[in-house]
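Colleague: fold the following for me, if possible:
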Amino acid sequence: MFDNKERTEIKDLGEFGLIEHLTKAIELQAPSSIKGIGDDAAVLDFGNKKTLISTDLLLEGVHFDLRYVPLRHLGYKAVQVNLSDIYAMNGTASQITFSIGLSSKFPLEAVEEIYEGALYACKKYNVDLIGGDTSASKQGLVISVTSIGYADEEAIAYRSGAQEGDLICVSGDLGGAYVGLQLLEREKQIYLENPSIQPDLEGKDYIIERQLKPEARKDIVELLAENSIKPTAMMDVSDGLSAELLHICKASDKGCKLFEDKIPLDPMTYETAREFGLDPTVCALNGGEDYELLFTIPQSDYDKIKGNMDITVIGYVTEAAAGCSMISKSGNVYPLTAQGWNAFQG
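Modeller: The predicted structure follows:
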């Protein structure tokens, strides 16, 4: 599984030795980080800001497959998917804790790769790794990340704030992560049947990266702030556009009209979905793992975002009685249903 010529057994270091080895190079960046790793708890100071906290758990065989997920990418993605939850509240991420459960098949060199990816994500997003835990695992690799951030109380965007007439917006493009996953799964099956055949991923870099190395949209939160736009409701797209939009509508007691022809799709996503016999719109609606931001804004803010190529208006909020529906490219109306990914499905 690992190409390292040298192999250092975790048991040779012990838990505290492992922690010391992995964290010795960490330098705190955020002003709010008073004390990080090295005591019984981290110490943070946010002054008069409201604190935001979110936790995600990633399990081998459920959330990732090590047959095609590089360990550095896994560490990077584990951080990104967690930071995304803070940005989805219109907040600023500032710290994470990073916990890991390891089976005996992982040497120190493999764990180092995971942490290298995590620390690269932290550095890129100006976030401090301030603690965590390590444990033995008999069920494969387990990663748990808790993200911590802050925001002014009046800036926090909840799911429940959408108002009738608001515009529904989404950042970036959708469906790429799901189509990238289909490509990786196909190549895995080909490899398992014939290990001599090399993966054929040429020209598919974008959708592969959307799956293996997603980017949390800190830049969108900053853009909205620079333009004095306060989203009335906001979520990140982790389980598919339809599921997230229905969450906002339910929490806000509203309905919605979504326009199929407005859903942003990258050409590579569209073309590859067609190659697999998939409907690109369905991939965007139900695929998940894009980690784009879905948010609603008052119509009065439209002029502030209309020229931005990275934000697309895809519909509008209605009264609850109107229900949640999508207008197809042919003008037909379909009820919006949530068919996103479910970790507890068999």
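
Colleague: in this structure, which residue is most central in space?
Modeller: Per Cα atoms, centre = their mean, the C-alpha nearest to the average position across the chain is that of residue 81, at 3.2 Å.

Colleague: so what's that residue up against?
Modeller: 56, 58, 145, 214, 216, 238, 291 (Cβ atoms under 8 Å, 6 or more residues apart in numbering). In this view, the C-beta of every residue, glycine as well, is placed from N, C-alpha and C.

Colleague: okay, who's weakest in those residues by pLDDT?
Modeller: Lowest pLDDT within these is found at residue 56 (90).

Colleague: how much space separates that residue from residue 147?
Modeller: Spatial separation of residue 56 from residue 147 under the definition Cβ to Cβ, to the nearest Å is 8 Å.

Colleague: just the CA atoms of the host helix or strand of residue 250, as PDB, please.
Modeller: Secondary structure assignment for residue 250, by DSSP states H and E: helix 241-252. What follows is helix 241-252 as a C-alpha-only set of coordinates in PDB (Å, rounded to 0.1, in the frame of the first residue of the first chain):
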ATOM      1  CA  LEU A 241     -27.900  20.700  -4.000                       C
ATOM      2  CA  SER A 242     -31.500  19.400  -3.700                       C
ATOM      3  CA  ALA A 243     -30.900  18.100  -0.100                       C
ATOM      4  CA  GLU A 244     -29.300  21.300   1.000                       C
ATOM      5  CA  LEU A 245     -31.900  23.500  -0.600                       C
ATOM      6  CA  LEU A 246     -34.700  21.500   1.100                       C
ATOM      7  CA  HIS A 247     -32.900  21.900   4.400                       C
ATOM      8  CA  ILE A 248     -33.000  25.700   4.000                       C
ATOM      9  CA  CYS A 249     -36.600  25.700   3.000                       C
ATOM     10  CA  LYS A 250     -37.700  23.500   5.900                       C
ATOM     11  CA  ALA A 251     -35.700  25.500   8.500                       C
ATOM     12  CA  SER A 252     -37.000  28.800   7.000                       C
END
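
Colleague: before we move on, back to that, joint contacts of residue 56 and residue 147?
Modeller: Counting by Cβ under 8 Å, 6+ apart, the residues touching both residue 56 and residue 147 are 82, 85.

Colleague: have a look at these two and say which one is more surrounded.
Modeller: residue 147 (26 against 18; other Cβ atoms under 10 Å).

Colleague: quick revisit: local confidence estimate at the residue nearest to the centre of the chain?
Modeller: Taking residue 81 on its own, its pLDDT is 95.

Colleague: where's it relative to residue 120, distance?
Modeller: Shown here: residue 81 relative to residue 120, a distance of 15 Å by Cβ to Cβ.

Colleague: residues near residue 157, how many?
Modeller: What residue 157 shows, counting by other Cβ under 10 Å, is a neighbour count of 25.

Colleague: same question for residue 188.
Modeller: Other residues near residue 188 number 14, with proximity taken as other Cβ under 10 Å.

Colleague: helix or strand: which one has it?
Modeller: With secondary structure defined by DSSP H and E, residue 188 is part of helix 176-193.

Colleague: next one: that helix to chain centre, how far?
Modeller: Taking the mean C-alpha point of helix 176-193 and that of its whole chain, the gap between them comes to 20 Å (Cα atoms, centre = their mean, to the nearest Å).

Colleague: in the helix or strand that it is followed by, which residues are buried?
Modeller: Using DSSP H and E, the helix or strand that follows helix 176-193 towards the C-terminus is helix 205-212. When neighbours are counted by 16 or more other Cβ atoms under 10 Å, the buried residues of helix 205-212 are found to be 206, 207, 208, 210, 211, 212.

Colleague: want to throw the residues you listed into TSV with distance to residue 296 and pLDDT?
Modeller: Conversion of those to TSV gives the following (distance: Cβ to Cβ, whole Å; pLDDT from 0 to 100):
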residue	distance to residue 296	pLDDT
206	28	96
207	28	97
208	31	96
210	24	97
211	27	96
212	30	96
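
Colleague: show me the shaky parts of the protein.
Modeller: Segments of the chain classed as low confidence (criterion: pLDDT under 70) are 1-5, 15-16, 19, 38-42, 340-346.

Colleague: tell me where it has helices.
Modeller: Assigned by DSSP state H, the chain shows helices spanning 10-23, 71-87, 108-124, 176-193, 205-212, 218-226, 241-252, 267-275, 280-286, 302-305.

Colleague: tell me the contacts of the nearest residue to residue 90 once chain neighbours are set aside?
Modeller: Taking Cβ to Cβ, 6 or more residues apart in numbering, and ignoring the residues beside it in sequence, residue 90 has residue 157 as its nearest neighbour in space, at 3.9 Å. Shown here is residue 157, whose contacts under the criterion Cβ under 8 Å, 6+ apart are 88, 89, 90, 230, 231, 232, 233, 234, 295.

Colleague: do you know how far residue 157 is from residue 44?
Modeller: Relative to residue 44, residue 157 is positioned 22 Å away (Cβ to Cβ).
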